[in-house]
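K.L.:
Just the structure for this:
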Amino acid sequence: MSFAVAYDRVSKSFAGIPAVRDVSFTARSGRVLGLVGENGAGKSTLMNLLGGLFLPDGGRLQLAGERYEPRSPLEAVRRGVAFIHQELSLFSNLTIAQNIFLTGALDRPRATELLASVGLSLSPDTPVAALSPGERQLVEIAKALSIDARVLIFDEPTTSLTAPERERLFALIDRLRGEGRALIYISHALPDVLRICDDVVVLRDGMVVESGPREAFTHDRLITAMVGRALGEPAPRPGACRGDLLLEVALEGIAFGLHRGEVLGVAGLMGSGRTELARMLFGLDRARGEIRLQGRSLRGLSPRARIARGMAFLTESRRDDGLLLDASVRENATLAAPLTSTEAVATACASVRLPAPMLDRDAVRTLSGGNQQKVVLAKWLLTRPSVLILDEPTRGIDVAAKREIGRVIDELVTGGAGVLLISSELEELMALSDRLMVMRQGRIVGEVHRAAFDSEAILRLALGDAS
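P.N.:
Below you'll find the model as predicted:
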């Protein structure tokens, strides 16, 4: 079987620090290669070499049997290499057709054909702003097909998708594989990797530590290879030692309280109103009703004033709303607390396991997704919040980084804070929460205490299943 992409002893360093070392593997036509590893393992560097952002320091790449040295992303596109990014690169103020033909002549009939080929029956004149995350991802794939890409790289493609959208994506990936394209699938959702990939490459510390056909791997073997040890089961959360009432909320269809020392989870399907609730609590959107923090009304207060009162909000999209991507770790960490001392910044970053040499060395955009999320978390820890709202805090990060964030949450509530945790991963919510609220259509439709957690019952509440 011919190959589409080959890495041959490829190495790359930044400021003298190796990012990938002596990496060799092949992505073959008509197959899906799963590329897994912890955040910072080197996955992004390898894909950026393929995409023309960097040149390797050593080794070489081959594409369709020929030496491949793209010196720009445009050159990579012209050679038939396309990315479907985790942080989708569409312009929401443009139409679907304008996004697909961003660098060429607008061709609406061709756009319609491309949309149909990915299962979308939308007008090419539809604004991208009106699309769901799943629809946007399909538009990204249509954009890749517009250049007849022979190599497609999917970077965490399912993080914002509903279950039906995920199934539609997997069906499309299967069709693209059948057309003889080479697909590279990067994901921390290991069950998905084991389901749809033909081959697997595991990276750790910039090196390939295991590779082979999917059948050679199990979920546990992948985790052990990624982190270099067996993680075992996370320690169960002890029962909450609930203290004073920190947050009191009485809005239309929504009423609850959050106590000191408590993790209150918010479950619900995409579109149930979870993020909208978080935005109202933080003062980003108008709230009809009453919100009280430590007994004092927040009516009319700006987000800045709410931060001063002790509230913090880690948003769903770290890149869009949480970070200045071209600034350093230190500059980002002090965004919400600009007068923080150097020692306090170092302490906060150390508490989330960010290495000290990272503070001033690089722009945040060069960090892995897990380390970017740690920077956002450190930023809010520096404000010493009494109430921390976390919206999808583990989206797109690896299993070890998830454990680190769980540890930080435990330390916060042990110290007397209250945490409102929003997540699409029900297992994660049940592992970390003391109590769960279930939302549907902008309302709270149920509350479940830890002793009664049952994934099927919670899902029935979220779906509105009266039985």
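K.L.:
Residue ranges in the protein under the pLDDT threshold?
P.N.:
Flagging of the chain using pLDDT under 70 yields the residue ranges 1-3, 39, 86-88, 160, 229-242, 270, 465-467.
K.L.:
Any idea which residue is closest to the centre of it?
P.N.:
Among the residues of the chain, the one closest to the centroid is Gly396, at 2.7 Å (CA atoms, centre = their mean).
K.L.:
burial measure for Val263, as a count.
P.N.:
A count of neighbours around Val263, defined by other CB atoms under 10 Å, yields 26. (C-beta placed from N, C-alpha, C; glycine too.)
K.L.:
which residues does it form a beta bridge with?
P.N.:
Val419 (DSSP bridges).
K.L.:
Helices of the stretch 101-250 of the chain, start to end?
P.N.:
108-117, 133-146, 163-178, 190-196, 219-227 (DSSP state H, counting those that start in this stretch).
K.L.:
Packed most tightly, which of those helices would that be?
P.N.:
Mean neighbour counts were compared across those using mean count of other CB atoms under 10 Å; the top stretch is helix 133-146, at a mean of 22.
K.L.:
what helices or strands is it leaning on?
P.N.:
strand 81-84, helix 96-100, helix 108-117, helix 163-178 (3 or more CB pairs under 8 Å, 6 or more residues apart in numbering; DSSP states H and E).
K.L.:
Give me the contact list for the second one.
P.N.:
The contact list for helix 96-100 (CB atoms under 8 Å, 6 or more residues apart in numbering) reads 90-91, 106-108, 111, 114-115, 122-126, 128, 131, 139, 142-143, 146.
K.L.:
Just give me how far that helix sits from the chain centre.
P.N.:
24 Å (CA atoms, centre = their mean, to the nearest Å).
K.L.:
what are the C-alpha coordinates of it, in CSV please?
P.N.:
C-alpha atoms of helix 96-100 as CSV (Å, rounded to 0.1, in the frame of the first residue of the first chain):
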residue,chain,number,x,y,z
ILE,A,96,-20.2,29.6,3.9
ALA,A,97,-19.2,30.1,0.3
GLN,A,98,-17.0,33.1,1.2
ASN,A,99,-15.2,30.9,3.7
ILE,A,100,-14.8,28.0,1.4
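K.L.:
buried sites along it?
P.N.:
Neighbour-count burial for helix 96-100, with 16 or more other CB atoms under 10 Å as criterion, is recorded at Ile96, Ala97, Gln98, Asn99, Ile100.
K.L.:
quick one: which of the residues you listed is nearest to Ala348?
P.N.:
Asn99 (38.7 Å; CB to CB).
K.L.:
got the helices of the stretch 101-250 of the chain as JSON lines, with distance to Asp434 columns?
P.N.:
Listed next are the helices of the stretch 101-250 of the chain as JSON lines, based on distance: least, CB to CB, whole Å:
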{"stretch": "helix 108-117", "distance to Asp434": "45"}
{"stretch": "helix 133-146", "distance to Asp434": "30"}
{"stretch": "helix 163-178", "distance to Asp434": "27"}
{"stretch": "helix 190-196", "distance to Asp434": "27"}
{"stretch": "helix 219-227", "distance to Asp434": "26"}
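K.L.:
Strands of the stretch 301-450 of the chain, start to end?
P.N.:
Secondary structure of the stretch 301-450 of the chain (DSSP state E, counting those that start in this stretch): strands at 311-314, 387-391, 418-422, 435-440, 443-449.
K.L.:
Kindly reformat those strands as a markdown table containing mean neighbour count.
P.N.:
A markdown table is the format used below for the strands of the stretch 301-450 of the chain (neighbours: other CB atoms under 10 Å):
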| stretch | mean neighbour count |
| --- | --- |
| strand 311-314 | 24 |
| strand 387-391 | 25 |
| strand 418-422 | 25 |
| strand 435-440 | 22 |
| strand 443-449 | 16 |
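K.L.:
Present those as JSON lines; the columns should include distance to Gly65.
P.N.:
Listed next are these as JSON lines, based on distance: least, CB to CB, whole Å:
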{"stretch": "strand 311-314", "distance to Gly65": "46"}
{"stretch": "strand 387-391", "distance to Gly65": "46"}
{"stretch": "strand 418-422", "distance to Gly65": "48"}
{"stretch": "strand 435-440", "distance to Gly65": "53"}
{"stretch": "strand 443-449", "distance to Gly65": "57"}
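K.L.:
Mind checking these for the one nearest to Leu281?
P.N.:
Among those, strand 387-391 comes nearest to Leu281, with 6.2 Å by CB to CB.
K.L.:
who's in contact with that closest one?
P.N.:
Under the contact criterion CB under 8 Å, 6+ apart, strand 387-391 has outside partners 246-247, 258, 274-275, 278, 281-282, 293, 310-316, 380, 409, 412, 417-422.
K.L.:
how close does Arg318 sit to Leu281?
P.N.:
Going from Arg318 to Leu281 by CB to CB, to the nearest Å gives 19 Å.
K.L.:
whoops, Ile96 was the one
P.N.:
According to CB to CB, Ile96 stands 34 Å off from Leu281.
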